[in-house]
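Undergrad: I would like the atomic coordinates for the input below:
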Amino acid sequence: MTLAGSRGILTVPSLIVHVIWEITSINGVFDIRGMSVQKGEGMIIIDYKDTRPIYEQIVERFRMLIVNGIMEADERLPSVRTLAVELSINPNTIQRAYRELEAEGYVYSMKGKGTFASSTDFIHKSRAQELLTEFDDVVEELFVLDVTKEELGCRMNNLKQGRLDVNG
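TA: Below you'll find the predicted structure:
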């Protein structure tokens, strides 16, 4: 394990990717540029300054890999022991992350064979339904707060263009 400041940069062969989010702000308008990913030798970054538990950080990394198609459907995740050794953390932490991923439908386990990435079609449909439910709740509350359809339409257009205007 190599450390860069208080971040542990840990490699897992042929699995994890390097991720870059570029967010710029001009006069309160945030422009989100997406991510740069590459398959092959890569990194899982455990941020020891992050207030979230390590297992949650691992869950987030695997979610990103699966949702973005970097880990293909039915691709085997590293064994609990292998990943625990590679990351120098307790195997129970990895097991907890894998259990959470399985409960959310991102992975499935086969006894004696390992843990595998689920189909992204299933994940995308499931996640889209979750987000649409949350969206409905938020829109309903916005209407109660007298936000107009025109204001929502303007926000949607900004999102389509990759911008989020926090000033309205």
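Undergrad: Look up which helix or strand the residue most central in space within the chain falls in, please.
TA: Nearest to the geometric centre of the chain sits residue 64, at 3.5 Å (Cα atoms, centre = their mean). Using DSSP states H and E, residue 64 sits within helix 54-67.
Undergrad: Need the phi and psi values for residue 134.
TA: Dihedral angles phi and psi of residue 134 (degrees, to the nearest 10) take the values phi -60, psi -40.
Undergrad: Now do it against residue 127, distance only.
TA: Between residue 134 and residue 127 the computed distance is 11 Å (Cβ to Cβ, to the nearest Å). Just so you know, the C-beta spots here come from the backbone N, C-alpha and C atoms, and that holds for glycine as well.
Undergrad: same thing with residue 149?
TA: Distance from residue 149 to residue 127, by Cβ to Cβ: 26 Å.
Undergrad: hmm, back to that, tell me the buried residues in the helix holding residue 64?
TA: If you call a residue buried by 16 or more other Cβ atoms under 10 Å, then helix 54-67 has these buried ones: 54, 55, 57, 58, 59, 61, 62, 63, 64, 65, 66.
Undergrad: on contacts alone, who are the packing partners of that helix?
TA: The contact analysis (3 or more Cβ pairs under 8 Å, 6 or more residues apart in numbering; DSSP states H and E) places helix 54-67 against strand 44-47, helix 91-103, helix 120-144.
Undergrad: Now do the residue nearest to the centre of the chain against residue 133, distance only.
TA: Remark: distance between residue 64 and residue 133 (Cβ to Cβ) = 22 Å.
Undergrad: just residue 78 next, same as before
TA: From residue 78 across to residue 133, the span is 33 Å (Cβ to Cβ).
Undergrad: if we can go back for a sec, from the rest of the structure, what touches the helix holding residue 64?
TA: By Cβ atoms under 8 Å, 6 or more residues apart in numbering, the surrounding residues in contact with helix 54-67 are 15-17, 19, 44-47, 50, 70-71, 77, 87, 89, 93-94, 96-97, 100-101, 104, 106-107, 117-118, 120, 123-124, 127.
Undergrad: Which among those residues count as buried?
TA: 15-17, 19, 44-46, 70-71, 77, 87, 89, 93-94, 96-97, 100-101, 106-107, 117-118, 120, 123, 127.
Undergrad: shaky segments in the chain?
TA: Counting by pLDDT under 70, the low-confidence segments of the chain come to 1-44, 163-168.
Undergrad: Noted, bye for now.
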